[in-house]
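# Sequence and predicted model, in that order:
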Amino acid sequence: QITAGLPAAGLAGRMAISVSPADSNIVYVVAVNPTAASFYGLYRSTDRGQNFTLQSNSPNLLGWSQTGSDTTGQGWYDLCIAVSPTNTDSVYVAGPCIWFSSDRGVHWTNISYNKIHVDNHHLLFAPGSSSKIYIAEDGGVYNTPDQGLTFNDISTNLAIGEEYSIGLSGDNPDYFLTGWQDNGVNLDNNTHWTWTTGGDGLECFIDYTNDQNMYAASYLGGYSQTQDGGNSWAPINAGITESINGTGPFLEDPIWPQVLFAGIKNVWEFGGSSWTQLSTWGTNYITAMAVAPTNDHCFYAAEENSTYAVVVHKTNDEGASWTTVTGNLPTHAAPISGIALDPNNSQRVWVSYSGYSDTNKVFMSVNGGLTWQNISAGLPNLPVNCIVYQAGSPDGIYIGTDVGVYYRDSVVGHWMDYNAGLPHVKVDDIKIFAPENLVYAATFGRGTWKSATYVPAGIKEIKAQISLRIYPNPTNGLTTLALNTTLTGTYTLNVTNLLGQNLYDQQLNVGGNFSETLDMKGFGPGIYLVSVKGNTSNTVTKVIVY
């Protein structure tokens, strides 16, 4: 144990060490204040670490101030040090910012403030260089070739986004919003990512009626909105009297898009200018919430109460009165991570559990939460982080776990691994783009992924010379068939069920791009195949009726 010149036991917290290849007798140690997580001191040894001398203990190298004048920091999270491989007097220390000293750590200059992302974890000199450094940090990978005069972001094509959530457009499958740890809220428009807000980007979504309207939650920053596609954001926290940590549910009313709901310790409703509290039972933060798609007066919210027991609350009158519908759910297995509802029957509800309580992963209720059935059999003992119901399917449920996505429905009858092509990575959020039957996964560490939704074995869609788009899909009534083709002539439109029985025929006289309205009301819930056939072309697409 080396103690000479270093802080006595208990005085300093975390430490980091660096030795220069130029002279291995020179050893530097940077130490953290264990109470404030700020800079405690930089120490230097000239005898291979047997004895140390304090070089400096200010400014605060581990805080956020450009001048180091603040008194706290996050040395528990950010701490790295590097000594030049050619000059042992040149030292770099990094926390939220990068600091440089040319005189053995006695005097310091902040070289990264407002130039690059914050929270640095590793500094590495290019071989043989005393000026070019690579930086690994929460924003990706950077380098500076000139001791901090300029910085280059070299993170292009690193698919490593740590995403908490994803919000889809109502009609564009290539336009979506995602919330990232430490990297704000980011918008993808099928050509590139656009950074829209900073900090921790948490729950976010796009107005399903207008792509220009977006909403986002951030850690400790509350809620914000944009009405210009993400160019400018404004806070919308007026009226909230609880401490907002931003990690709880934040969602749009499925019927009135100008109305928002948020789960903090209680349930809150936003009507366009300020928030109104809808419950009074909250003691700890709400972990999951869902609003019925066809009845926005009915919603469910899950919390952990003062004894950290799971409680599920339900209202049928938009919060005027609440009932507890925890029923026979396990109350101390783990927090409830998600709630999903049948869009046609708000009494049918599913909940998912995080944590490692074996066999307690997913439960369902058909009577509004009075009783619950455990449907966890077949799932690994890993946290389930999210759950979504696929409208128009035979109770199709997708869940995101710490190792990917699983699926089940009432026809399959068991959980299926739904990870073909997907890395075995934590999935924090799943959304379904109904018009084109796509399922999106926001992963914590590998960015955004998408797949076609589940199709029973034997159903094959055909695309040849002619493109057929059906929207809305799923549908419970009128739907539009849009043909994209340069071909002309007479075509036959057919609708069949999965047994191959022909249910509908119609002749179409097509002259290039063409659209036709089809009424699916009388077909009953299920999956149907719609085909358009001509003498030289054929296309088959599935449509879901709910």
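The structure has been received and is ready for your questions. Residues are numbered from 1 along each chain as shown.

# For the chain, name the helix or strand with the lowest mean pLDDT.
Ranked by mean pLDDT, DSSP states H and E, the weakest helix or strand in the chain is strand 462-464, scoring a mean of 52.

# Could you pull out the buried residues of stretch 291-306?
Of the residues in stretch 291-306, those buried by neighbour count under the rule 16 or more other Cβ atoms under 10 Å are 291-293, 295-296, 298-304. All C-beta spots, glycine's among them, are computed from the backbone N, C-alpha and C.

# and it, average pLDDT?
Averaging pLDDT along stretch 291-306 yields 94.

# So Ser376 versus Thr331, what's the distance?
The span separating Ser376 from Thr331 equals 16 Å under the rule Cβ to Cβ, to the nearest Å.

# So for these two, which sits in the more crowded spot?
Set side by side, Ser376 and Thr331 show more neighbours around Ser376, with 18 against 14, by other Cβ atoms under 10 Å.

# Confirm for me that Gly392 is in contact with Tyr546.
Yes. Contact status for Gly392 versus Tyr546: in contact at 3.6 Å, counting by Cβ atoms under 8 Å.

# list residues touching both of the two?
A shared contact of Gly392 and Tyr546, defined by Cβ atoms under 8 Å, 6 or more residues apart in numbering, is any residue touching both; here these are 474-476, 525.

# Tell me where this protein is predicted with low confidence.
Within the chain, the ranges that satisfy pLDDT under 70 run 457-466, 485-487, 498-500, 512, 535-537.

# Which residue ranges of the stretch 401-546 of the chain form strands?
Across the stretch 401-546 of the chain, reading from the start of the chain, the strands by DSSP state E, counting those that start in this stretch fall at 404-408, 416-417, 427-433, 438-443, 448-452, 462-464, 467-471, 478-484, 488-496, 502-511, 514-519, 526-533, 538-545.

# List the pairing partners of the first one within its sheet, with orientation.
In this case it means strand 404-408. The partner list of strand 404-408 in its sheet, established with DSSP bridges, is strand 396-401 (antiparallel), strand 416-417 (antiparallel).

# May I see the ones you listed organised as JSON lines, with distance to Asp358 and mean neighbour count added?
Shown next, in JSON lines, are those (distance: least, Cβ to Cβ, whole Å; neighbours: other Cβ atoms under 10 Å):
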{"stretch": "strand 396-401", "distance to Asp358": "14", "mean neighbour count": "24"}
{"stretch": "strand 416-417", "distance to Asp358": "18", "mean neighbour count": "14"}
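
# Now those strands in JSON lines, please, with extra columns for distance to Trp350.
Listed next are the strands paired with strand 404-408 as JSON lines, based on distance: least, Cβ to Cβ, whole Å:
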{"stretch": "strand 396-401", "distance to Trp350": "6"}
{"stretch": "strand 416-417", "distance to Trp350": "16"}
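
# List just the one of these that sits closest to Gly239.
strand 396-401 (32.4 Å; Cβ to Cβ).

# Now do the closest one against strand 438-443, angle only.
20 degrees (axes from the mean of the first three to the mean of the last three Cα atoms, to 10 degrees).

# Work out the gap between strand 396-401 and the centre of the chain.
On the basis of Cα atoms, centre = their mean, to the nearest Å, strand 396-401 is displaced by 15 Å from the centre of the chain it belongs to.

# again, but for stretch 278-285
Here stretch 278-285 shows a centroid-to-chain-centroid distance of 24 Å under the convention Cα atoms, centre = their mean.

# Could you tell me which residues within that stretch count as buried?
So stretch 278-285, judged by 16+ other Cβ under 10 Å, has buried residues 278-279, 282, 285.

# now swap in stretch 323-339 and tell me
325-326, 329-330, 333-339.

# Over to stretch 192-211?
Judged by neighbour count (16+ other Cβ under 10 Å), stretch 192-211 contains these buried residues: 196-197, 199-207, 211.

# Run through the bridge partners of Leu478.
With DSSP bridges applied, Leu478 shows beta-bridge pairing to Asp519.

# doesn't Asp358 make contact with Ala377?
No. The pair Ala377 and Asp358 does not pass the contact test of Cβ under 8 Å, sitting 11.0 Å apart.

# still on that earlier bit, pick out whichever of the buried residues of stretch 291-306 sits closest to Gly369.
Lowest distance from Gly369 to the buried residues of stretch 291-306 (Cβ to Cβ) belongs to Tyr300, with 7.2 Å.

# wouldn't Tyr308 be in contact with His332 here?
Yes. In this structure, Tyr308 is within contact of His332 by Cβ under 8 Å, at 7.3 Å.

# Using TSV, lay out the strands of the stretch 401-546 of the chain together with distance to Asp70.
Shown next, in TSV, are the strands of the stretch 401-546 of the chain (distance: least, Cβ to Cβ, whole Å):
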stretch	distance to Asp70
strand 404-408	42
strand 416-417	49
strand 427-433	32
strand 438-443	34
strand 448-452	36
strand 462-464	60
strand 467-471	54
strand 478-484	59
strand 488-496	67
strand 502-511	69
strand 514-519	62
strand 526-533	60
strand 538-545	56
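
# How far off centre is stretch 126-136?
Taking the mean of its C-alpha atoms, stretch 126-136 sits 33 Å from the chain's own mean (Cα atoms, centre = their mean).

# Show me the contact partners of that stretch.
Outside of stretch 126-136, the residues within contact range by Cβ under 8 Å, 6+ apart are 82, 84-87, 90, 92, 94, 98, 116, 120-125, 141-147, 151.

# try 6 Å this time
Stretch 126-136 is contacted from outside by 84, 86-87, 120-125, 142-147, using Cβ atoms under 6 Å, 6 or more residues apart in numbering.
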